[in-house]
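> Below: sequence and its predicted model.
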Amino acid sequence: MLSRVANSIYWMSRYLERADSIARFIDVNLKLILDIALDRENVQWQPLVLASGDEADFFKRYKTLDQKRVVHFLTFDNLNPNSILSCILNARENARTVREIIPTELWETINELYHFIQKYSKKRQKDNLLPLYAQIKASNNVACGLVANAMLRDQALHFLRLGQMIERADKTARLLDVKYFHLLPSPEYVDSPYDAVEWGAVLRSVSAFQMYRKKYHQVNYRDVSEFLIFDSFFPRSINYCVNQALSSLGAITEMTGVDMGAKYEMAKLQQMLLLTNVDKVLAEGLHEFIDVFQFNLNIVDQVIYRSFFELK
């Protein structure tokens, strides 16, 4: 497979997953506002900007952090390279260059989503964005179904899967990190009904609430952290994503004969998760653990680029 093609498929997948994750975060936040006191609204929006990793860019152009500005920044701001609008545009452009590699229905799904959000972004009144976020999530689910049911099990599939898993692991880690930081330092809310609502929202942001409740009886920060970091079977846990990414890297290495350290770096992440547990992570600092995880995940991304995408 050409480096250009592999790179386009990898980033098409990452951008789709990124748009889906942001849509989930905002959708849950909008619904959460209905369940909490209004004077805590700003507290609910700051973590979303932090989770996106674009807080510096936000505060360069926006003086006030409120619902309207955060939603615009994360959804429609074409100057924000990680807004939903920008992500879907980039996903479409990457998909367009590899139309002969991916299923036709997958291209059509991405193209239709692009035109849908373009049309939505030009509306004068954007009072109700819930249908938009619902459509983004639905389109991504369709795309995932097409990948599962209509793609050859070849290099293209594994580069797509690799991008999806790396992006998903990053977003789950970011969400858990910023929410833990904002919620835990308030002793009056720990193990309170408010605390349960907040951590329930974290679970809903990654569609984990029902699966979590099958395994745990109560919603609390310790069990939520364990589920979203270490669970081996939930598709959006960090552990599951790392294992799947490593599996795809192994398949790519076997098919291409190229490795150059990418699989080794991903295996180090897997060992990092295997050699600890949630109680040790919380005792030593969740933020510090996720900081190290994301640093190593960035190294993996860089090695993947040098190994497979960089033109020699």
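Good, I have the coordinates. Numbering: from 1, shown residues only.

> which residues in the stretch 201-312 of the chain form helices?
209-215, 221-230, 238-256, 262-274, 278-284, 286-304 (DSSP state H, counting those that start in this stretch).

> JSON lines for those helices, including distance to S83, mean neighbour count and mean pLDDT?
Every C-beta, even on glycine, is put in place using the N, C-alpha and C of the backbone. Shown next, in JSON lines, are those (distance: least, CB to CB, whole Å; neighbours: other CB atoms under 10 Å; pLDDT from 0 to 100):
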{"stretch": "helix 209-215", "distance to S83": "26", "mean neighbour count": "14", "mean pLDDT": "96"}
{"stretch": "helix 221-230", "distance to S83": "24", "mean neighbour count": "20", "mean pLDDT": "96"}
{"stretch": "helix 238-256", "distance to S83": "23", "mean neighbour count": "20", "mean pLDDT": "95"}
{"stretch": "helix 262-274", "distance to S83": "28", "mean neighbour count": "17", "mean pLDDT": "95"}
{"stretch": "helix 278-284", "distance to S83": "31", "mean neighbour count": "13", "mean pLDDT": "95"}
{"stretch": "helix 286-304", "distance to S83": "20", "mean neighbour count": "17", "mean pLDDT": "95"}
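
> The ones you listed into JSON lines, with extra columns for distance to I9?
Shown next, in JSON lines, are the helices of the stretch 201-312 of the chain (distance: least, CB to CB, whole Å):
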{"stretch": "helix 209-215", "distance to I9": "29"}
{"stretch": "helix 221-230", "distance to I9": "27"}
{"stretch": "helix 238-256", "distance to I9": "11"}
{"stretch": "helix 262-274", "distance to I9": "16"}
{"stretch": "helix 278-284", "distance to I9": "33"}
{"stretch": "helix 286-304", "distance to I9": "12"}
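
> lowest-pLDDT helix or strand in the protein?
Lowest on mean pLDDT, DSSP states H and E among the helices and strands of the chain sits helix 41-52, with a mean of 75.

> Buried residues in it, which are they?
Residues Q44, W45, Q46, P47, L48, V49, L50, A51, S52 are the ones in helix 41-52 that count as buried (16 or more other CB atoms under 10 Å).

> Wait, the third one touches K179, no?
In this case it means Q46. No: contact criterion CB atoms under 8 Å: Q46 and K179 do not qualify, at 10.9 Å.

> Of the buried residues of helix 41-52, which is the nearest to L175?
Lowest distance from L175 to those (CB to CB) belongs to A51, with 5.2 Å.

> residue ranges with poor pLDDT in the stretch 101-250 of the chain?
Applying pLDDT under 70 to the stretch 101-250 of the chain picks out residues 183-192.

> could you pull out the strands for it?
In the stretch 101-250 of the chain, no strands are defined using DSSP state E, counting those that start in this stretch.

> just to revisit the earlier point, quick one: closest of the helices of the stretch 201-312 of the chain to R153.
R153 lies closest, by CB to CB, to one member of the helices of the stretch 201-312 of the chain: helix 238-256, at 8.3 Å.

> hmm, back to that, distance to L34 added to the buried residues of helix 41-52, as a markdown table?
Below are those laid out as a markdown table (distance: CB to CB, whole Å):
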| residue | distance to L34 |
| --- | --- |
| Q44 | 11 |
| W45 | 14 |
| Q46 | 19 |
| P47 | 17 |
| L48 | 16 |
| V49 | 21 |
| L50 | 22 |
| A51 | 21 |
| S52 | 23 |
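
> out of those residues, who's nearest F73?
Once CB to CB is applied, the member of those that ends up nearest F73 is V49, at 7.2 Å.

> contacting residues for the closest one?
E55, F58, L65, V70, F73, L74 (CB atoms under 8 Å, 6 or more residues apart in numbering).

> Mind doing that once more with 10 Å?
Counting by CB atoms under 10 Å, 6 or more residues apart in numbering, V49 touches E55, A56, D57, F58, F59, Y62, L65, R69, V70, F73, L74, V178.

> what does Q46 give?
With CB under 10 Å, 6+ apart, Q46 has these contacts: E55, F58, L65, D66, V70, V178, H182.

> Surely R236 is in contact with D170?
No: in this structure R236 lies outside contact range of D170 using CB atoms under 10 Å: 11.5 Å.
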